[in-house]
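>>> Using only what follows, build the 3D model:
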Amino acid sequence: EGFVTLVRAMNPLLDKAEEKQPAAAAAAAAVAVSAAPAQSGGYNPMSFPKIRENWIRKEMEKRKAEYTTVQQLSVFCGTWNVNAKKPSEDLSSWLVVSPLPDIYMIGFQEIVDLNAVNLVADHTASKIWEKRIEETLKQQYKLVASQHLVGLALLVYVKKELQDKISGVRDDTVGVGIMGVGGNKGAVAVRFNVFDSSVVCVNAHLAAHKNNVQGRNSDYHNVCKRLRFADPSVSSADFVGAPGEQPYGELTLFDHDNVFWIGDLNYRLNLTDLESVYSRIDVQDWAYLLQHDQLILEKAEGHAFDRFLEGPIDFAPTYKYQPGTNLYDRRPEKKMRFPAWCDRVQWIGDGIKQQWYRRTEQLLISDHKPVSAYFTVDANITIADKQKDVYESCVRQLDQWENEAIPRVSMSRNEINFSNCSFDNPITETLRIENTGQVVVKYHFIPKLKEEHFCKPWLQVSPEFGLIMPNETHEISLTVHITKQTAQKLNTGDDSLQDILIFRLENGRDYFITISGDYLKSCFGSTIDYLVKTPMPVRFAQNAAATPAGKVLSVPKEMWRMVDYLFRKGLDEEGLFITSGNAKQIELIRECVDTGQKFANFDIHSMAETLTQFLQNLAEPIFSRSLCEQFHESMNLTAWCKQALMHLPPAHYNAFIYMVCFLREVLKRSDKNQLTVDQLVLIFSSCLMHVDLEGHLLETSGHSKPKAWVILRHFLTSDEFI
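Numbers count the residues shown, from 1 in each chain. Okay, the predicted model is just below:
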């Protein structure tokens with residue numbers, strides 16, 4: 001009650017908004033569609049020749065040893081968290097090794113302070129390190145790639161005599177920091193071809209804090225999932241679209257011959273006695289300490305990095321040092337942190353052999369020690385004549401199979417049911433197709449009559465088309481994934497988890513596959529209007545809202561419950577809305593708000609992340625982006641904001657005012673929770689306005705701030721709204 005009184009005291013316009021009438025719904029326009037298959041974003045009948053070429057390409061990959069020879073190269077991988085320090089020391093002790101490598105891949109973390117200002121600034125710090133490295137290497141090497149993301153930088157150098165053997169250089173970045181997208185944590189990656197082998201290097205800075213192992217594992221999987229590189233060997237027009245592959249012309253991290261992962265991975269020691277740890281370090285008892293190393297334990301359990309190899313560690317933990325010394329930071333006025341091997345080098349690749357793995361003692365500016373590893377790598381060189389012979393052999397084999405019989409297949413099943421589907425929780429079932437004939441089977445899914453796509457938007461099928469050799473079995477993955485684009489129609493009964501797929505064989509028959517399922521209704525992916533008209537828990541609501549016309553909730557009960565919990569228990573929590581929550585608790589909280597169950601004693605950060613996920617996944621933003629775009633710098637900001645509020649639908653108005661009041665209360669406790677207004681604007685622009693404000697700010701650094709930033713910041717700070 002006290003919070004509602006506060007909301008009304010701050011915003012007398014609230015009472016007026018309750019009197020406003022909802023706007024009339026816009027009429028839906030009918031769209032005529034052709035019964036022919038879509039030529040974009042799905043099966044293309046012209047792609048059968050390309051499917052054939054794609055199979056040949058894959059078969060040749062299996063037989064690569066028949067037409068390639070090997071050139072051995074040497075590779076240096078180095079990683080250093082520089083603690084926001086500029087280069088002031090000679091790097092030779094770290095970088096100058098014997099023999100000099102053919103390739104250097106050097107990663108830095110924290111080249112700038114990871115604060116809110118730097119999250120949206122234009123960083124040039126990597127250039128300073130580039131210059132120092134080039135001075136150290138004495139112009140014997142050529143920089144072929146440089147990529148950075150906030151505090152991360154990855155630099156790749158090759159010997160000048162090798163640079164004409166380098167091709168297909170591509171890069172990508174993934175932010176996994178604040179609310180899963182911020183650039184304060186994440187990864188930068190560079191891929192390239194050397195001779196005819198592919199190499200990719202990832203430089204990552206994962207979630208901090210000793211007890212946040214799950215956060216680090218989640219960051220790893222997030223980076224692996226989101227890293228994508230344009231395939232330099234395939235144009236978008238000629239890409240074959242092979243079964244099970246990612247979108248046209250893209251390579252994932254694991255599509256490379258040689259994969260290196262370096263960085264401050266932040267895995268710590270599962271030990272509680274600090275003095276015992278120091279005693280073990282004093283006698284160099286690395287074996288005991290490494291038994292408790294989180295990264296080694298997580299790899300053994302298959303939770304993260306389980307595909308990667310790492311050489312034996314026979315050096316002291318690389319963190320945490322007192323800058324300027326070779327002493328671990330044991331100062332009583334500082335927060336006690338356990339020493340740990342945070343800084344690591346790992347790899348995947350049959351032709352990779354590690355020669356040594358070590359840290360460098362002489363560099364003192366940071367609280368981390370630099371780490372490096374030296375490898376030999378087998379690079380393939382193609383012999384053109386032999387490659388042609390193998391290609392012709394593959395073509396002859398394929399021709400023979402194609403000429404022998406009519407296509408025939410058997411299916412493992414033709415009815416697939418997905419039970420208990422929930423919001424943004426993909427469920428996958430597998431359909432096995434066996435080629436029981438003597439000829440190559442070419443298949444694809446086709447749209448039903450007068451439909452543009454072959455399946456409903458909540459269903460994903462991979463692969464959509466492909467080729468099966470005789471006596472081979474292919475697996476097709478069918479995934480129900482309900483997102484904010486599809487959830488609302490399922491909540492209201494305008495759609496259901498029912499569909500029929502048509503599976504067609506080229507020169508053969510059609511097969512029909514029935515898809516069914518049940519959806520556990522959720523407030524996630526719903527609209528504000530639907531939620532305020534649904535007084536009972538959404539899970540148990542009928543297709544139409546049960547509230548009598550004209551009688552609606554002021555704000556969605558689900559939002560109120562989460563805000564109320566945070567208001568009562570979490571305003572003083574340090575790192576509120578910054579620290580990631582626990583995935584299992586978030587799932588339980590979502591179940592509570594959907595079913596009306598009472599909240600248990602949930603972790604504050606889990607509740608905060610659930611609230612932001614709820615807002616981000618509303619079917620439409622509370623404060624629309626199009627409304628933001630109507631503001632111009634020449635306008636009076638306060639007057640425009642007040643006028644803009646009156647253009648919001650009543651439910652959106654109430655929800656926006658409610659959230660603004662809450663966030664202003666959060667800022668009043670900034671001495672406890674350590675939040676700044678810039679951090680809240682950065683986070684809640686995506687929640688309230690569905691604007692990727694961080695990306696916009698990075699693009700416009702040095703210029704005027706995006707409109708959404710200016711508007712939301714004014715609502716949170718201006719005395720005009722008190």
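
>>> and the nearest residue to Thr610 once chain neighbours are set aside, how many residues sit next to it?
Nearest residue to Thr610, sequence neighbours excluded (CB to CB, 6 or more residues apart in numbering): Ile589, at 4.5 Å. (Glycine included, C-beta is placed from N, CA and C.) As a burial measure, Ile589 scores 27 neighbours (other CB atoms under 10 Å).

>>> how much space between Ile589 and Leu553?
Ile589 sits 20 Å away from Leu553, taking CB to CB, to the nearest Å as the criterion.

>>> Can you give me the neighbour number for Leu271?
Other residues near Leu271 come to 18 when the count uses other CB under 10 Å.

>>> Quick one: residues contacting it.
277, 289, 292, 338 (CB atoms under 8 Å, 6 or more residues apart in numbering).

>>> Which members of these occur in helices, if any?
Mapping the contacts of Leu271 onto helices (DSSP state H) picks out 277, 289.

>>> Just give the nearest non-adjacent residue to Ile365, would you?
In space, and not counting its chain neighbours, Ile365 is closest to Lys85: 4.3 Å by CB to CB, 6+ apart.

>>> I meant to write Gly107 there.
Gly107's closest residue in space is Asn203 (CB to CB, 6+ apart), at 3.1 Å.

>>> So in terms of bridging, what pairs with the one you found?
The residues listed as beta-bridge partners of Asn203 by DSSP bridges are Val188, Ile262.

>>> Next, count neighbours for it.
By the measure other CB under 10 Å, the count of residues near Asn203 is 29.

>>> So it is in contact with Phe260, correct?
No - counting by CB atoms under 8 Å, Asn203 stays clear of Phe260, with 9.2 Å between them.

>>> Surely Gln346 is in a strand?
Yes - under DSSP: H, G, I helix; E, B strand; the rest coil, Gln346 falls within a strand.

>>> bridging residues for it?
With DSSP bridges as the rule, Gln346 is bridged to Trp261.

>>> Likewise for Ile513?
Beta-bridge pairing for Ile513 (DSSP bridges): Leu501.

>>> pLDDT score assigned to it?
Confidence at Ile513, expressed as pLDDT, is 97.

>>> pretty sure it contacts Leu431?
Yes - under the criterion of CB under 8 Å, Ile513 makes contact with Leu431 at 7.0 Å.

>>> Where does Arg396 fall, secondary structure wise?
In the assignment (DSSP states H and E), Arg396 maps to helix 384-402.

>>> And the helix or strand that comes right after that helix, what does it pack against?
Going down the chain from helix 384-402, the next helix or strand is strand 409-411, by DSSP H and E. With contacts defined as 3 or more CB pairs under 8 Å, 6 or more residues apart in numbering; DSSP states H and E, the packing partners of strand 409-411 are strand 427-435, strand 510-519.

>>> Dump the ones you listed to a markdown table, plus mean neighbour count and distance to Phe684.
Formatted as a markdown table, the helices and strands packed on strand 409-411 follow (neighbours: other CB atoms under 10 Å; distance: least, CB to CB, whole Å):
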| stretch | mean neighbour count | distance to Phe684 |
| --- | --- | --- |
| strand 427-435 | 16 | 31 |
| strand 510-519 | 16 | 29 |
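
>>> Ile383 versus Ala65, what's the distance?
11 Å.

>>> And these two? Which one has more around it.
Using other CB under 10 Å, the more surrounded residue of Ala65 and Ile383 is Ile383, with 15 against 10.

>>> pLDDT value on Val188, please?
Predicted confidence (pLDDT) for Val188: 97.

>>> ok, and what's touching stretch 380-393?
If you take CB under 8 Å, 6+ apart as the criterion, stretch 380-393 is touched by 56, 60, 63-64, 66-71, 195-197, 257.

>>> just the buried members of these?
Neighbour-count burial (16 or more other CB atoms under 10 Å) applied to those gives 56, 60, 67-68, 71, 195-197, 257.

>>> so where's this protein shaky on pLDDT?
By pLDDT under 70, the low-scoring segments of the chain are 1-48, 115-123, 177-183, 234-249, 405, 543-550, 693-704, 722.

>>> and if we set it to 80?
The chain contains residues with pLDDT under 80 at 1-50, 114-125, 177-184, 232-249, 334, 401-405, 542-551, 692-705, 721-722.

>>> who are the neighbours in contact with Thr579?
Applying CB under 8 Å, 6+ apart to Thr579 gives the contacts His605.

>>> State the three-state secondary structure for it.
Under three-state DSSP, the three-state class of Thr579 is coil.

>>> centre of the chain versus stretch 272-287, how much separation?
Put simply, stretch 272-287 sits 36 Å off its chain's centre (CA atoms, centre = their mean, to the nearest Å).

>>> residues making contact with that stretch?
So stretch 272-287 is contacted by 269, 271, 288-289, 313-317, 328, 330, 336, 338-339 (CB under 8 Å, 6+ apart).

>>> can you do 10 Å?
Under the criterion CB atoms under 10 Å, 6 or more residues apart in numbering, residues 210, 269, 271, 288-289, 292-293, 312-317, 328, 330, 336-341 lie in contact with stretch 272-287.
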